[in-house]
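Colleague: Below: sequence and its predicted model.
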Amino acid sequence: ERLGIFGAPRGRRGAELKIMGAVEAKIPGYFTDGMEIGVCEDEWGTCTIKLHGDEISFALGRQGATRRKLAKASGCIIEYVGGV
């Protein structure tokens, strides 16, 4: 199926990442199988890193508080898509 996302680039990318996370939760591996770990050097890009169980729990924090703090401090959009 197709989904249209409209708006500013930052909002569109945030929505895309949220949708990817939701799909990955329902169908594990849909986006993360074959995904390469790496850092984008462009002004507007996506960095991916692999997190393990303890790291995900720490980075999320209670009710996502740590994730929100990290996002605010870095000026980034932080979403977890599977374990990547």
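Modeller: That came through fine.

Colleague: Stretch 42-56 - what's its average pLDDT?
Modeller: Mean pLDDT, stretch 42-56: 80.

Colleague: for this structure, what helix or strand is lowest in average pLDDT?
Modeller: In the chain, the helix or strand scored least confidently by mean pLDDT, DSSP states H and E is helix 53-60, which has a mean of 84.

Colleague: Please put the alpha-carbon coordinates of that one into CSV.
Modeller: Only the C-alpha atoms of helix 53-60 are listed here, as CSV (Å, rounded to 0.1, in the frame of the first residue of the first chain):
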residue,chain,number,x,y,z
GLY,A,53,18.5,-4.9,24.8
ASP,A,54,20.2,-3.0,27.7
GLU,A,55,21.2,-0.1,25.4
ILE,A,56,17.7,0.3,24.1
SER,A,57,16.2,0.3,27.6
PHE,A,58,18.8,2.9,28.7
ALA,A,59,18.3,5.1,25.6
LEU,A,60,14.5,5.1,25.9
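
Colleague: List the buried residues in that helix.
Modeller: Within helix 53-60, the residues that count as buried by 16 or more other CB atoms under 10 Å are Leu60. Yep, even glycine has a C-beta here, placed from its N, CA and C like the rest.

Colleague: after that helix comes which helix or strand?
Modeller: Sequence-wise, the next helix or strand downstream of helix 53-60 (DSSP states H and E) is helix 65-74.

Colleague: packing partners for that following helix?
Modeller: In this structure, helix 65-74 packs against helix 53-60, with contacts taken as 3 or more CB pairs under 8 Å, 6 or more residues apart in numbering; DSSP states H and E.
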